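**Student:** make a model of this:
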Amino acid sequence: MNSCDSNQCCRTFGIFAAVAGTFLIVAALVWAMRHYTQPPPLNQARVAERKKALAELNAENTRALAEAEVIDKDKGLVRLPIATAMDLVVKEYATPAAARSNLMAAVDKANFKPAPPPPPPNEYE
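**Tutor:** Below is the predicted model:
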């Protein structure tokens, strides 16, 4: 008789076949996902469209960094050019205590949320 029992050999082969089958299924799923989710190749029209969008985005960002603009007139929020903002900060922080109080007041004004209305009275009271 063999030292390897026939039943044990069948069990070992079954486990090996199950593990190999699992790996093959996962490999097939990975191949299918790569095949179906791959974007179409870029053609010259798409390349030109993407370059145009990037140029527009860069122009908008450059304009936002270089020009002053009113963001919210009611709250007094404006966007300033970087050089102007740096000059204002240097001038304001000549006296740090006053600059801090002004900054806190501006933050409170920009983030103001009115108090919620009181709840309606209970009809059973």
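**Student:** longest helix in the chain, please.
**Tutor:** As assigned by DSSP state H, the longest helix anywhere in the chain is helix 6-37.
**Student:** counting by contacts, list what that one packs against.
**Tutor:** Counting contacts by 3 or more CB pairs under 8 Å, 6 or more residues apart in numbering; DSSP states H and E, there are no secondary-structure elements packed against helix 6-37. The way it works is simple: take the backbone N, C-alpha and C, and place the C-beta from them, glycine included.
**Student:** past it, which element shows up next along the chain?
**Tutor:** Where DSSP states H and E defines the elements, the next helix or strand beyond helix 6-37 is helix 44-66.
**Student:** hmm, who's touching that following helix?
**Tutor:** Residues outside helix 44-66 that contact it (CB atoms under 8 Å, 6 or more residues apart in numbering): 42, 79, 81-82.
**Student:** adding secondary structure and neighbour count, write those residues out as a markdown table.
**Tutor:** Converted to a markdown table, the contacts of helix 44-66 look like this (DSSP: H, G, I helix; E, B strand; the rest coil; neighbours: other CB atoms under 10 Å):
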| residue | secondary structure | neighbour count |
| --- | --- | --- |
| 42 | coil | 10 |
| 79 | strand | 12 |
| 81 | coil | 14 |
| 82 | helix | 9 |
